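>>> prediction below, plus the sequence it came from.
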Amino acid sequence: MSFAATYCVHNDDEWLGASLESIYVATDRIFIFLNDRPWYGPLSDNSKTKELIRSFPDPAGKIQVVRGDWENEVSQRNYALDMLAQAGFGYQFIIDADEVYDPGMLTGMMQYAKARPEVDCWHCWFVVYWKTLGYRIDPPENHHPPIFLKVGSGRFVEYRNCKAGTHKLIPAEIGFCHHLSYARSDEQIQRKLRSFSHADQIPSDWYERVWKAWDFDHGITDLCPYNPGVFQRAVPVDPIALPQVLRTRIAEK
C-alpha cells in the first residue's frame with residue numbers, strides 16, 4: 001500500500017527543508033497543505049515558507065501544494081485525509097514541519113506497518129530536542145503521536161489525535177521520530193507560542209521562567225509549556241545519534 005505524507009503548515013520554515021529531505025525517498029507522494037492563516041493568534045508573514053517549498057528540489061515530481069483557509073488543526077488534517085482517500089492512497093503519513101526521520105528507519109517503519117494490515121493507526125516514539133540539536137528531553141516523552149493512518153479507517157478528533165479501530169506503537173528499535181518543535185531560537189519559539197494549537201494553555205510566565213532561565217541553569221526541570229511533567233529535563237546529545245540531514249545542519253552552522 002502506498003504512503004502519502006501530509007504536512008499542515010502556515011509559517012514553518014526553520015526545519016521544513018530538513019524534514020522534506022529526510023522523507024523524500026521513502027514516501028510515494030508528499031502533500032503540503034499550506035494554510036493562509038495560523039491555527040491560533042494573529043496573521044503572520046509566511047513568505048519564507050512559500051519560498052522554501054518552491055525552491056525545494058523535487059526531481060521525482062512527488063510534491064503537491066494545496067492552499068486553503070482552515071480555521072483549526074482538526075479541519076486541516078481531515079481535509080488532507082479526505083483528499084488522500086479520493087486519490088486512492090493506502091496510508092496517510094502524518095508529519096509536521098519540525099519532524100525528521102532517518103530515511104532507512106522510515107522505510108523499515110513503513111514495511112513494519114504494511115506487514116500488519118490489521119492495524120489501522122500506528123504511533124511511534126518521539127525524541128524531542130531542546131533549544132538546539134545539542135540537547136534532548138530525557139527520559140523520552142511518554143506520548144506517542146500517530147504517524148501512519150490507514151486511509152478510510154479513522155478521523156482526526158482533537159489536535160493531531162485520531163480515532164480509529166486499532167492503534168499500535170512501532171517499537172523504538174524499528175524507528176522513531178526526531179522532533180524539533182523546541183529546537184528554535186527565542187524569536188522562533190515566541191512565534192510558535194503565539195500560533196500553535198496549545199497557545200491558550202501556556203502560563204504567561206513560561207517564556208521567562210523556563211525558556212530563558214534554562215540558558216543560565218541547565219538543571220531546570222518540567223520544561224513543557226502546556227503539559228506539566230512530560231519534559232522532565234534536557235540532556236546533551238551525541239551528534240552520532242542524529243540522522244545525516246541533521247548532522248549536516250550542524251556542520252553548516
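Perfect, I can see it now.

>>> in the stretch 51-200 of the chain, which spans are strands?
Taking DSSP state E, counting those that start in this stretch, the strands of the stretch 51-200 of the chain run over residues 63-68, 91-94, 99-100, 121-123, 126-130, 135-138, 146-150, 154-158, 161-164, 167-169, 177-182.

>>> quick one: the last one to chain centroid distance?
In terms of CA atoms, centre = their mean, to the nearest Å, the centre of strand 177-182 is found 7 Å from the chain centre.

>>> what do you get for the first one?
For strand 63-68, the distance between its averaged C-alpha position and the chain's averaged C-alpha position is 17 Å (CA atoms, centre = their mean).

>>> same question for the second one.
The offset between the C-alpha centroid of strand 91-94 and the centroid of the whole chain comes to 12 Å, using CA atoms, centre = their mean.

>>> residues contacting residue 43?
Shown here is residue 43, whose contacts under the criterion CB atoms under 8 Å, 6 or more residues apart in numbering are residue 37. Heads up, the C-betas are built off the backbone N, CA and C, glycines and all.

>>> one more: the one 3 residues further on?
Contacts here follow CB under 8 Å, 6+ apart; on that basis residue 46 touches 9-13, 34.

>>> one step back: most packed of the strands of the stretch 51-200 of the chain?
For these, the stretch with the most neighbours on average is strand 91-94, a mean of 26; neighbours defined as mean count of other CB atoms under 10 Å.

>>> show me what it is packed against.
Based on contacts counted as 3 or more CB pairs under 8 Å, 6 or more residues apart in numbering; DSSP states H and E, the elements that strand 91-94 packs against are strand 3-9, helix 73-87, helix 103-114, strand 146-150.

>>> my guess is residue 42 is in a strand, correct?
No: judged by DSSP: H, G, I helix; E, B strand; the rest coil, residue 42 forms no part of a strand; its state is coil.

>>> which residue, other than its chain neighbours, is closest to it?
If you skip the residues right next to it in sequence, residue 42 has residue 194 as its closest partner in space, 7.3 Å away by CB to CB, 6 or more residues apart in numbering.

>>> quick check: the one you found vs residue 119, distance?
Using CB to CB, to the nearest Å, one gets 37 Å for the distance from residue 194 to residue 119.

>>> tell me which of the two has more neighbours.
residue 119 (18 against 14; other CB atoms under 10 Å).

>>> now do the contacts for residue 88.
residue 2.

>>> repeat that for residue 217.
Counted by CB under 8 Å, 6+ apart, residue 217 has zero contacts.

>>> count the neighbours of residue 124 for me.
When neighbours are counted by other CB under 10 Å, residue 124 registers 23.

>>> just residue 117 next, same as before
Around residue 117 there are 10 other residues, counting by other CB under 10 Å.

>>> do the same with residue 211
20.

>>> test my guess that it contacts residue 189.
Yes: applying CB atoms under 8 Å, one finds residue 211 in contact with residue 189, separated by 6.2 Å.

>>> what does stretch 97-110 contact?
Counting by CB under 8 Å, 6+ apart, stretch 97-110 makes contact with 3, 7, 9, 12, 14-16, 18-19, 22-23, 25-26, 91, 93, 122, 124, 126, 147-148, 170, 174-181, 183, 243-246, all of which sit outside it.

>>> ok, now with 7 Å
Around stretch 97-110, the neighbours that count as contacts under CB atoms under 7 Å, 6 or more residues apart in numbering are 3, 7, 9, 12, 15-16, 18-19, 22-23, 25-26, 124, 170, 174-175, 177-181, 243, 245-246.

>>> which helix or strand in this protein has the lowest average pLDDT?
helix 186-195 (a mean of 84; mean pLDDT, DSSP states H and E).

>>> okay, angle between that helix and strand 177-182 too, please.
Between helix 186-195 and strand 177-182, the angle formed by their directions is 100 degrees, by axes from the mean of the first three to the mean of the last three CA atoms, to 10 degrees.
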